[in-house]
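Student: fold the stuff below for me.
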Amino acid sequence: MSGHVDAEALVARWREVREAVKQAALSAGRRPEEVRLVAVSKTHPAEAVRILAAAGQHDFGESYVQEALAKKEELRHIGGLRWHFIGGLQTNKAKFVAGAFGLVHSVDSLKLAQALHKRAAAEGTVQDVLVQVNLAGETQKRGAASEAALALVQGVLELPALAPKGLMILPPWDEDPERSRPYFRGLRELRDELQERLSVALPELSMGMTNDFVQAVEEGATLVRVGTRIFGERPPR
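Tutor: Reported below is the predicted structural model:
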């Protein structure tokens, strides 16, 4: 996957987002290094990833399995890249994802967790995962309801080839990013409750995208997934 990229404009946008993340963290009394920026490179060419990697970006997010694996292969000679699978994942695609990504953000069912575990175990690896939560109850979105999150995290903990690292959320879209804040706060509170009830560390909160990552950082995000504001509008697939 390749294509022409305006490197100067791309790096400038990336630096603006990094600075906004930093300022949001500082305004919330947090250390900026507590927040990792995941540059969502899905549908954008490998050349854009190469440019940002050279500028110092390490974490990249992908949502489409075949595209992501092709991009990974094209960029295999670049050291230090950390690939995140952030999209919805069908169980029949789990075999391609387990072991190929540093972190899978979108485990939304025990069935999917078991499929990832089976593949990771076969490869002799432990796959880091996040449990996706749907606090708003949106039927068109994936994710465990808040009352089901405890059982799902428990189930993941019983799979030795998976390591649950925290939670992820996609709040309802709204032009006003402040409307996302209650969902971010709710995810943090749910995470804290699960840690206490299960006596397990769940350090990661993957929340916040182009429109609302500032609010997410202020509410405790450790991973923000920003695509359009860095890469520009997505090209047609």
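Student: what's the single longest helix in this protein?
Tutor: Taking DSSP state H as the criterion, the chain has its longest helix at helix 7-27.
Student: ranges for the helices of the chain?
Tutor: Assigned by DSSP H, the helices in the chain fall at 7-27, 46-55, 65-74, 94-97, 110-122, 146-157, 181-198, 213-218, 228-231.
Student: buried deepest among these, which one?
Tutor: Across those, averaging neighbours per residue (mean count of other CB atoms under 10 Å) puts helix 213-218 on top, at a mean of 25. C-betas here are computed from N, CA, C, even on glycine.
Student: from the chain's centroid, how far away is that one?
Tutor: With CA atoms, centre = their mean, to the nearest Å as the basis, helix 213-218 stands 14 Å off its chain's centre.
Student: can you check stretch 177-195 too?
Tutor: Worked out by CA atoms, centre = their mean, stretch 177-195 lies 16 Å from the chain centre.
Student: and that stretch, C-alpha only, in CSV?
Tutor: The C-alpha coordinates for stretch 177-195 follow below in CSV (Å, rounded to 0.1, in the frame of the first residue of the first chain):
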residue,chain,number,x,y,z
PRO,A,177,-17.3,16.8,22.5
GLU,A,178,-18.4,17.6,26.0
ARG,A,179,-21.3,15.2,25.5
SER,A,180,-18.7,12.4,25.4
ARG,A,181,-17.3,13.3,28.8
PRO,A,182,-19.8,11.3,30.9
TYR,A,183,-19.0,8.1,29.0
PHE,A,184,-15.3,8.6,29.5
ARG,A,185,-15.8,9.2,33.2
GLY,A,186,-18.1,6.2,33.3
LEU,A,187,-15.5,4.0,31.7
ARG,A,188,-12.9,5.1,34.2
GLU,A,189,-15.2,4.5,37.1
LEU,A,190,-16.1,1.0,35.7
ARG,A,191,-12.5,0.2,35.3
ASP,A,192,-11.8,1.2,38.9
GLU,A,193,-14.7,-0.9,40.1
LEU,A,194,-13.5,-4.0,38.1
GLN,A,195,-9.9,-3.6,39.5
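Student: want to try TSV for the helices of the chain, with distance to residue 137 as columns?
Tutor: Below are the helices of the chain laid out as TSV (distance: least, CB to CB, whole Å):
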stretch	distance to residue 137
helix 7-27	28
helix 46-55	35
helix 65-74	27
helix 94-97	25
helix 110-122	19
helix 146-157	9
helix 181-198	11
helix 213-218	20
helix 228-231	26
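Student: dump these to TSV, plus mean pLDDT and distance to residue 172.
Tutor: Formatted as TSV, those follow (pLDDT from 0 to 100; distance: least, CB to CB, whole Å):
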stretch	mean pLDDT	distance to residue 172
helix 7-27	98	21
helix 46-55	98	29
helix 65-74	97	26
helix 94-97	96	26
helix 110-122	98	23
helix 146-157	96	15
helix 181-198	98	8
helix 213-218	98	13
helix 228-231	97	18
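Student: mind checking which of those helices is nearest residue 167?
Tutor: With CB to CB as the criterion, residue 167 lies closest to helix 181-198 of the helices of the chain, at 5.2 Å.
Student: and that closest one with helix 146-157, angle?
Tutor: Counting by axes from the mean of the first three to the mean of the last three CA atoms, to 10 degrees, helix 181-198 points 50 degrees away from the direction of helix 146-157.
Student: packing partners for helix 181-198?
Tutor: Other helices and strands packing on helix 181-198, by 3 or more CB pairs under 8 Å, 6 or more residues apart in numbering; DSSP states H and E, are helix 146-157, strand 162-169, strand 204-206, helix 213-218.
Student: distance to residue 31 added to the ones you listed, as a markdown table?
Tutor: Below are the helices and strands packed on helix 181-198 laid out as a markdown table (distance: least, CB to CB, whole Å):
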| stretch | distance to residue 31 |
| --- | --- |
| helix 146-157 | 26 |
| strand 162-169 | 18 |
| strand 204-206 | 15 |
| helix 213-218 | 11 |
